[in-house]
Each structure stands twice: as structure tokens, then as C-alpha cells.
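Asks: Sequence and predicted structure are below.
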Amino acid sequence: MFQTINYWTRQYGLNYWTKQYGLIDGPRTALQYKLGDRSRKLFALTLPDFAAPIWLRGGTSDVRVFLQVLAVKGYDISDTAQGKELRRRYDFLIASRVQPLIIDCGANIGLSGVWYARHFPEAKIIAVEPDQSNLEIASKNLTAYPNVTLVHGGVWDMPSHLSIANPDAEPWAFQVEEGKGSIPGFTIDQLSEGKPILVVKVDIEGAEKALFRSNTDWMDRTDLIAIELHDWLFPNTGTSQSFMKAIAGHPHEVTMRGDNLFFLMSGER
């Protein structure tokens, strides 16, 4: 997540809000957003078609997360062939009376959980976040979505004890490291309990290096992996290599939106 707030506000200013929400709600929402960001306090952004307000901490990366996830719709691939196939698989599971499972690794303030809950309302969503302050905001944002379960922790390739390596970072940039910390590190197998997975969303600030280095059998029962890679953040360390090696062993198709890559697993589903 390296785009600047100036870029997003230029691209998604008043004209964007008016087009999105109309001549009355659009300017109101734009003003609410602008004043809230400047306040440097917790504020509620009320969107016309949302069941509950979106809570953001003004003057922090929360506002950029909102723009990327909900305004720019960074996880929306519904207009691609891969997105249409994912929807078909979701509908098939519902018709078969099987609840789809989505695992949100790096939930931050819960906005990706909001997005998935709105677009896959019958799915069970497990949202994992290591930072307690982010979890507090996420719990407010997800109150209206009972199909989302918040989990305090990180994701790793083995059950682990983790800690925040950079506690002074922006709220969207916390990195975890293995050690004697008090944050539990869960495997995807633990979170999924061995069940088939519709989507695993991964935005974990470089921890993908550990997540995909071993114990990746869960990929065989996953339909889609949505991932942001972080080689740009950790140059010369091969952060993405374990993922690239793991995904190479699974037939797939790939599409891209913004910072995210979407790997749709091929084969019978």
C-alpha cells in the first residue's frame, strides 16, 4: 500500500463522490470524508448503501485503506473472467448447502471484511489482524456483518508466537516477526479446520515469505488467492519467492487490480 493520499484525492475527489452517490449524498459524503480526515480523530463516514457507518481515524492510513478497498474497490474482480468463475463457484456452494469460507489475512480495520461480507453475504469470513488498535476499529466496522469473525493474531506457516516488529509504523504497515511475542500465529489449516476455502486474501506486509515457505497443502482446496506482494518494501530479500514457488505447483489463472494479484486455481471445483 504505497500510493500517497494526494494521488487518491486527486483521482477520487468531489466528481467521484457525486458520480458514485448522486448530487445530494455525493457532496455530503465528500465533505464528511475531508473534514474527518483533517480532524485527526475517530470519525464515522456514512455511505448511502451501507448497513452501518465506516469508522476511520482521521489523519492516518485508515483513510487510504478506505479509498483502496471500498472507493477504488481493490478486491473487485467481478468484471473479469476469473471473477465470474469465482462467483459461479460461490453460487454452486450455496446451492449445495455448503457455506463458503473466506480467510482475510491482514484484516487491518476490517474494510476488506466489509467488502467480502457485502459481496459474499452467505460466506463465513475469518478476519485475522495482529494489532490490537486496528482490531478495535475493525470491531466497530464489522458490527453489522455477523458472518465475519475477528481473530487477534497473525498468519504463519506453523503455529507460532509473534510480535509487532515496527510498533511506530502507520496502522496499515505493521509487520510481525517470530519470537517470544504474545500474538498467536495461526496456520491456514488451523483457521480453516481443513475445510475447502473460497478465498484467501493475503496482505501481511512481507510475512508472506514465512506463510508460503512450508505447509501449503491448503492451496489444493482453495479457489482464489488474493495477494499483495512486498518485494518493493523489502528489496534484495526475496520476499515473494516462497509464494512464487508455491503457486507454481498449482495450475492457475491470474488477474490484477491495483496492488493485488488474484490467482484463480484451475481444475475441478
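Replies: Everything's here; your move.

Asks: Tell me the bridge partners for I126.
Replies: I103, T149 (DSSP bridges).

Asks: residues contacting it?
Replies: Contacts for I126 were tallied using C-beta atoms under 8 Å, 6 or more residues apart in numbering; they are 101-104, 148-149, 151, 191-192. For glycine as for every other residue, the C-beta is placed from the backbone atoms N, C-alpha and C.

Asks: what's the most distant pair in those residues?
Replies: Spatial extent of the contacts of I126 (C-beta to C-beta) is set by the pair V148 and S192 at 15.2 Å.

Asks: For these two, indicate the residue with more neighbours.
Replies: V148 (25 against 19; other C-beta atoms under 10 Å).

Asks: Drop anything exposed from the contacts of I126.
Replies: Among the contacts of I126, those classed as buried by neighbour count (16 or more other C-beta atoms under 10 Å) are 101-104, 148, 151, 191-192.

Asks: I204: which of the residues you listed is nearest?
Replies: Looking across the buried ones among the contacts of I126 and measuring by C-beta to C-beta, the closest to I204 is D104, at 10.5 Å.

Asks: how about the closest one, what does it touch?
Replies: So D104 contacts 112-113, 116, 125-128, 201 (C-beta under 8 Å, 6+ apart).

Asks: Could you tell me how many residues sit around the residue nearest to L70 when sequence neighbours are not counted?
Replies: Nearest non-adjacent residue to L70, counting by C-beta to C-beta, 6 or more residues apart in numbering: L111, 5.7 Å away. For L111, the neighbour count with other C-beta under 10 Å is 26.

Asks: go on, P27?
Replies: Neighbours around P27, by other C-beta under 10 Å: 14.

Asks: For the host helix or strand of it, which helices and strands make contact with it?
Replies: Under the criterion of DSSP states H and E, P27 resides in helix 14-39. Applying 3 or more C-beta pairs under 8 Å, 6 or more residues apart in numbering; DSSP states H and E, one finds that helix 14-39 contacts strand 42-45, helix 62-66.

Asks: Pick the most buried one from the ones you listed.
Replies: Mean neighbour count (mean count of other C-beta atoms under 10 Å) peaks for helix 62-66 among the helices and strands packed on helix 14-39, with a mean of 24.
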